[in-house]
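[1] one predicted model, sequence on top.
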Amino acid sequence: MLNKFLEKEEFSSYEDFMQGFKVKVPENFNFGYDVVDAWAKAVPEKEALLWANDKGDVKHVTYGALKNISDQCAAFFQGIGIEKGDRVMLILKRRVEWWYAMVALHKIGAVAIPATHMLTDKDIMYRCHMAGISCVISCGDPIVLGHVQKARRFCPMLRHCISIGPLVPNGFYDFWRGLQEAAPLEEIKRNKVTDNFLLYFTSGTTGEPKMVMHDYSYPLAHIVTAKYWHNLNDESLHLTLADTGWGKAAWGKFYGQMIAGATVFVYDYEGHFKPAELLRVMQDFKITSFCAPPTIYRFLVRENIEEYDLSSLKWCTTAGEPLNPSVFEKWHDRTGIIIREAYGQTETTMVVGTYPWVTPKPGAMGLRNPQYDIDVVDEKGNSVGPMEHGELVIKIGDKKTLGLFKKYYRNEEMTEHRIVDGKYHTGDVVYFDHDGYFWFVSRIDDVIKTSGYRVGPFEVESALMTHPAVLECAVTAVPDDLRGQIVKATIVLNKEYRDKASDSLVKELQAHVKRETAPYKYPRIIDFVDELPKTISGKVQRAAIRKEDSKQL
């Protein structure tokens with residue numbers, strides 16, 4: 001499959017990769033037809049998905065089955081009036097129906113909007129009004145269905161609601177009944193690769209979520225993600241731990257993995273994440289490749305990993321937030337596997353990563369993806385040199401950069417604010433070292449300026465994370481008359497330290513940071529909390545901490 005889209009598939013070094021990697025993008029590429037159906041025609045019994053839940057249910061989905069069910073699904077959607085360009089939101093947790101519905105929407109040219117099950121009725125209303133959503137496909141969870149029902153009363157543009165069951169409220173279509181009763185799939189006019197394809201609402205660490213629109217070339221941009229970061233082949237069984245409402249699902253549970261020929265493993269569980277249960281699943285199903293946010297690794301390294309047989313596991317990756325070097329080292333010590341980091345945004349695919357030919361540096365995001373022409377610039381837009389902090393930007397040439405979003409949907413002002421003079425401004429402060437490795441510092445809004453120094457929250461958080469008392473932490477700035485700003489750490493303690501929160505522990509942690517990093521970076525204020533404020537995708541909301549602090553000044 002890869003040779004259909006790549007001029008060259010195998011590379012001997014990073015330099016070879018940078019010089020020789022190029023994606024062939026067909027003018028009317030459609031992931032549903034050109035990948036899913038192509039696999040189904042060539043090897044119909046090839047396993048596309050291996051799905052398991054926490055109740056012991058297991059489903060094996062071949063490409064032949066995925067083609068047939070997605071065709072039925074597309075016919076059902078056609079029958080109720082869903083057309084090319086319609087915006088359709090999917091709130092399906094990790095149910096297998098997500099893959100069926102996504103492929104079907106791609107085939108008929110509708111715009112898919114994956115969304116997390118943690119949305120409230122107000123969140124759903126906001127998304128329906130902002131994007132003009134005409135259909136919501138929901139899991140059968142009564143809480144989720146209740147939120148959809150409440151929102152629907154205030155969303156006249158929302159014409160259709162579908163439930164995959166078992167609970168199907170009045171006024172909702174029954175997904176599986178709809179598939180059974182659907183007329184044959186009508187002939188569909190092929191899309192252009194530049195057509196609207198996939199829309200994500202950003203997680204909104206500051207302000208309201210923005211609508212990020214990608215076109216039909218987006219799956220091809222994830223070839224690098226799957227083949228050269230996850231290191232997948234047609235014998236791989238890959239698990240990315242992510243809700244289907246997150247962009248991470250597109251990165252790790254769908255497009256690139258299927259193009260590369262790997263089998264996507266889906267672990268569908270309810271309730272809170274249980275590290276020991278995940279390790280058991282990885283052992284029992286013999287996962288070969290694993291990707292998860294750093295938060296997941298932080299919990300896993302606190303388990304008795306040696307009790308599980310993870311001999312099938314060969315490759316581990318992480319993205320979504322910076323990986324603390326201490327977690328990198330602990331995972332390697334316990335498993336013998338290095339974690340390979342990458343960086344990207346909802347607006348992009350993987351921009352920087354750690355590839356098979358690259359030796360990771362703990363804490364570094366990796367090296368540039370050849371798809372992107374990137375730079376690091378100062379506040380005036382001038383390029384900076386090695387070890388200098390600046391904003392990461394993506395240079396845009398005459399042709400659209402493969403993997404970069406089209407625009408912020410229905411928000412030209414924001415699009416023009418972020419794309420200036422031929423550059424997309426990521427809003428992330430980074431630096432690169434003399435070997436070309438990129439290191440994350442912070443979001444631009446999160447940089448702390450104290451006594452003339454610039455401090456990135458991540459470097460202080462990484463220092464704190466090496467102390468055994470710290471489970472999670474967030475570092476923010478607090479206004480100060482003398483120093484301009486001072487460093488504050490909001491900390492969640494490990495359970496064995498929960499009853500030890502005290503002034504003496506504060507002093508111990510401050511001294512620890514002074515030893516681990518430059519003394520001026522230590523947190524002058526430390527708060528112990530039960531949990532950190534996070535977005536629905538699990539990212540820490542430092543802006544929420546700053547806002548709460550401002551109320552107390």
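    Good, I have the coordinates.

[2] and the longest helix for this protein?
    What stands out as the longest helix in the chain, according to DSSP state H, is helix 63-79.

[3] C-terminal to that helix, what's the next element?
    Next helix or strand after helix 63-79 toward the C-terminus (DSSP states H and E): strand 87-91.

[4] quick one: the next helix or strand after that following strand to helix 63-79, angle?
    Heading C-terminal from strand 87-91, the first helix or strand you meet, by DSSP H and E, is helix 97-108. Going by axes from the mean of the first three to the mean of the last three C-alpha atoms, to 10 degrees, helix 97-108 is angled at 70 degrees with respect to helix 63-79.

[5] who are the packing partners of the longest helix of the chain?
    helix 38-42, strand 47-53, helix 97-108, helix 175-181 (3 or more C-beta pairs under 8 Å, 6 or more residues apart in numbering; DSSP states H and E). Heads up, the C-betas are built off the backbone N, CA and C, glycines and all.

[6] mind listing what's buried along that helix?
    For helix 63-79, the neighbour count (16 or more other C-beta atoms under 10 Å) marks 63-67, 69-78 as buried.

[7] now the angle between strand 87-91 and that helix, please.
    Here helix 63-79 runs at an angle of 130 degrees relative to strand 87-91 (the same axes, to 10 degrees).

[8] quick one: contacts of helix 63-79?
    Residues outside helix 63-79 that contact it (C-beta atoms under 8 Å, 6 or more residues apart in numbering): 32, 36-37, 39-40, 43-49, 88, 99-101, 103-105, 107-108, 110, 135, 175, 178-186, 188.

[9] show me which of those residues are buried.
    Buried among those by 16+ other C-beta under 10 Å: 32, 36-37, 39-40, 47-49, 88, 99-101, 103-105, 107-108, 110, 135, 175, 178-179, 182, 185.

[10] name the nearest residue to Ala276, sequence neighbours excluded.
    The shortest distance from Ala276 to any residue other than its chain neighbours is 5.6 Å, reached at Glu303 (C-beta to C-beta, 6 or more residues apart in numbering).

[11] so that neighbour sits right up against Pro275, yeah?
    Yes. Counting by C-beta atoms under 8 Å, Glu303 sits close enough to Pro275 to count as a contact (4.9 Å).

[12] could you list the low-pLDDT ranges of the stretch 251-400 of the chain?
    Applying pLDDT under 70 to the stretch 251-400 of the chain flags no residue at all.

[13] which parts of it are strands?
    Here the stretch 251-400 of the chain has its strands, by DSSP state E, counting those that start in this stretch, at 263-268, 289-291, 315-318, 339-344, 350-353, 367-368, 373-377, 390-395.

[14] output the first one as CSV, restricted to C-alpha atoms.
    Translated: strand 263-268. Written as CSV, here are the backbone C-alpha positions of strand 263-268 (Å, rounded to 0.1, in the frame of the first residue of the first chain):
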residue,chain,number,x,y,z
THR,A,263,-3.5,-3.9,12.7
VAL,A,264,-5.0,-1.2,14.9
PHE,A,265,-5.7,-2.5,18.4
VAL,A,266,-8.5,-0.8,20.3
TYR,A,267,-8.9,-1.2,24.0
ASP,A,268,-12.4,0.1,25.0
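
[15] and the helices in the stretch 151-300 of the chain, which stretches?
    175-181, 218-221, 223, 247-252, 255-259, 275-284, 294-300 (DSSP state H, counting those that start in this stretch).

[16] as JSON lines, the strands of the stretch 251-400 of the chain with distance to Gly171 and mean neighbour count would be great.
    Supplementary listing: these in JSON lines, determined by distance: least, C-beta to C-beta, whole Å; neighbours: other C-beta atoms under 10 Å:
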{"stretch": "strand 263-268", "distance to Gly171": "26", "mean neighbour count": "22"}
{"stretch": "strand 289-291", "distance to Gly171": "39", "mean neighbour count": "27"}
{"stretch": "strand 315-318", "distance to Gly171": "42", "mean neighbour count": "22"}
{"stretch": "strand 339-344", "distance to Gly171": "39", "mean neighbour count": "25"}
{"stretch": "strand 350-353", "distance to Gly171": "41", "mean neighbour count": "26"}
{"stretch": "strand 367-368", "distance to Gly171": "50", "mean neighbour count": "19"}
{"stretch": "strand 373-377", "distance to Gly171": "49", "mean neighbour count": "16"}
{"stretch": "strand 390-395", "distance to Gly171": "44", "mean neighbour count": "21"}
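
[17] right, and those strands - which one's nearest Lys488?
    strand 390-395 (23.8 Å; C-beta to C-beta).

[18] need the next SSE after the closest one, C-terminal direction.
    strand 407-408.

[19] quick one: mean pLDDT over the helix or strand that comes right after that following strand.
    Where DSSP H and E defines the elements, the next helix or strand beyond strand 407-408 is helix 412-418. Averaging pLDDT along helix 412-418 gives 93.

[20] pull out the buried residues from helix 412-418.
    So helix 412-418, judged by 16+ other C-beta under 10 Å, has buried residues Thr415, Arg418.

[21] can you give me how far that helix is from the chain middle?
    Centre-to-centre, helix 412-418 and its host chain are 23 Å apart (C-alpha atoms, centre = their mean, to the nearest Å).

[22] ok, residues contacting it?
    Contacts for helix 412-418 (C-beta under 8 Å, 6+ apart): Lys210, Glu347, Lys407, Tyr408, Tyr424, His425, Gly427.

[23] let's go with 10 Å and repeat that
    For helix 412-418, the surrounding residues in contact (C-beta atoms under 10 Å, 6 or more residues apart in numbering) are 207, 210-211, 213, 347, 393, 405-409, 411, 424-427.

[24] any of the residues you listed buried? List them.
    210-211, 213, 347, 393, 405-409, 411, 424-427.

[25] for these, which one is nearest Asn196?
    Of all these, Asn196 sits closest to Met213, with 5.7 Å by C-beta to C-beta.

[26] mind listing what the closest one touches?
    Contact analysis of Met213 by C-beta under 10 Å, 6+ apart lists 111, 131, 196-200, 347, 405-411, 415.

[27] nearest the geometric middle of this structure, what residue?
    Nearest to the geometric centre of the chain sits Lys248, at 2.5 Å (C-alpha atoms, centre = their mean).

[28] and it, what's its pLDDT?
    93.

[29] cool, and Gln541?
    At Gln541, pLDDT is 84.

[30] that one - how many residues pack around it?
    Neighbour count for Gln541, taken as other C-beta atoms under 10 Å: 17.

[31] do Val420 as well
    Val420, neighbours per other C-beta under 10 Å, totals 11.

[32] ok, it - contacts?
    So Val420 contacts Gly381, Val393 (C-beta under 10 Å, 6+ apart).

[33] cool, the one 10 residues further on as well?
    Residues counted as contacts of Val430 (C-beta under 10 Å, 6+ apart) are 343, 352, 365, 374, 376, 384, 389-392, 438-442, 456.

[34] repeat that with 8 Å
    Met365, Val376, His389, Gly390, Glu391, Leu392, Phe438, Trp439, Phe440, Val441.
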